[in-house]
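Student: predicted model and sequence follow; I will ask about them next.
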Amino acid sequence: IPPPAALEVDDLTVVYGGSVLALDGVSLRVPDGAVVALLGANGAGKSTLLRAISGTLSLHGGSVRRGTVAFDGVPSTGRSAADVVAAGIVHVPEGRRVFTALSVEENLRAGQLGPGRHGRGAYRESLEQVHSLFPVLAERRRQAAGLLSGGEQQMLALGRALMSRPRMLLLDEPSLGLAPQMVEQIAGIVRRIHEQGVGVLLVEQNAALALQLADEAYVLEVGRVGLSGTSEELSRSDEVRRLYLGER
Ligand code: ATP
């Protein structure tokens, strides 16, 4: 029997407003330190799955009707968003929501957990780590985050998430709306995050990119898992090639 995956979703069923079915019996696992991609058309339920894992569904009027989410084998359905972060799972939602009126460094400070949780000096250490991944955030530390470009704001959103030293990141469309060069940079960052042993559940419209970065992938089709497998397997699937990789 394999050890429990860091994150295990079983038969998850989610509704919005009491009646709109957004997920219908979804099961998925993210092994410790793995990158797992979540593909699917608009409205398939990708963002909903991330919200259910991070405990933020209720902010969007959604609720879990059936099924479980477990971390390290411990069911956590109904955990608060703060408890999920404390357990080491951090959600970076779509749209890189940074605090535009705060400085870059203040945004990063907001990402650390309560003082003392990681001991003295931990803030400096985390900050140095984030600055080494994103030198631009060091260069522009005193500027308002609202003055950063879209790609730099995405870096700030990722850097802020890393400030709490997560074990796993839930990334919703990190490349959305970015210029190709910036997409490459973000991809490089995801690789480095992976190398540091942090797991990633990656929602990406750019399926080619997602399959390059991920070890395994799941395809959501209107609230259900249609296909799943290693990235290699899915890259060879006719359906994935036609529907998500734009091949004929
Ligand atoms: P996208 O890439 O467009 O964000 P997605 O795969 O992330 O798509 P979700 O946003 O999770 O899909 O949406 C899944 C379903 O739930 C859709 O039918 C959507 O209309 C519905 N939905 C999403 N958010 C809400 C909400 N806050 N209230 C009601 N219905 C919602």
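Tutor: Arrived safely. Just so we're clear, the structure is a prediction, and the values are computed from it rather than from any experiment.
Student: for this structure, which segments count as helices?
Tutor: All helices of the chain, identified by DSSP state H, fall at 46-54, 81-86, 104-111, 122-133, 135-139, 150-162, 180-195, 207-213, 231-236, 238-243.
Student: could I get these as TSV with mean neighbour count, distance to the ligand and mean pLDDT?
Tutor: For glycine as for every other residue, the C-beta is placed from the backbone atoms N, C-alpha and C. Listed next are the helices of the chain as TSV, based on neighbours: other C-beta atoms under 10 Å; distance: least, C-beta to the nearest ligand atom, whole Å; pLDDT from 0 to 100:
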stretch	mean neighbour count	distance to the ligand	mean pLDDT
helix 46-54	23	3	96
helix 81-86	16	16	88
helix 104-111	20	23	93
helix 122-133	16	26	91
helix 135-139	15	27	96
helix 150-162	23	16	93
helix 180-195	16	17	91
helix 207-213	20	12	93
helix 231-236	16	17	94
helix 238-243	14	14	87
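Student: including distance to Ala34, could these go into TSV?
Tutor: Rendered in TSV, the data for these read as follows (distance: least, C-beta to C-beta, whole Å):
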stretch	distance to Ala34
helix 46-54	15
helix 81-86	18
helix 104-111	23
helix 122-133	20
helix 135-139	26
helix 150-162	17
helix 180-195	8
helix 207-213	11
helix 231-236	11
helix 238-243	19
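Student: what's the closest of these to Glu221?
Tutor: With C-beta to C-beta as the measure, helix 238-243 is the member of the helices of the chain nearest Glu221 (9.3 Å).
Student: so which elements touch the closest one?
Tutor: With contacts defined as 3 or more C-beta pairs under 8 Å, 6 or more residues apart in numbering; DSSP states H and E, the secondary structure elements packing on helix 238-243 are strand 224-230.
Student: for the strand it packs on, buried residues please.
Tutor: In terms of neighbour count (16 or more other C-beta atoms under 10 Å), strand 224-230 has its buried residues at Val225, Leu227, Ser228.
Student: just the residues you listed that are near the ligand?
Tutor: Contacts with the ligand within the buried residues of strand 224-230, as defined by C-beta under 6 Å from any ligand atom: none are present.
Student: which one of these is nearest Tyr218?
Tutor: Among those, and counting by C-beta to C-beta, the member closest to Tyr218 is Ser228, at 4.4 Å.
Student: give me the nearest residue to the closest one, chain neighbours excluded.
Tutor: Tyr218 (4.4 Å; C-beta to C-beta, 6 or more residues apart in numbering).
Student: tell me the contacts of the one you found?
Tutor: Tyr218 makes contacts with Leu28, Val36, Ala37, Leu38, Leu39, Val225, Leu227, Ser228, as judged by C-beta atoms under 8 Å, 6 or more residues apart in numbering.
Student: who is it paired with across the strands?
Tutor: For Tyr218, the beta-bridge partners under DSSP bridges are Leu38, Ser228.
Student: what do you get for Ser63?
Tutor: Here Ser63 sits in beta bridges with Val15, going by DSSP bridges.
Student: just the one 5 residues further on next, same as before
Tutor: For Thr68, the residues forming beta bridges with it (DSSP bridges) are Asp10.
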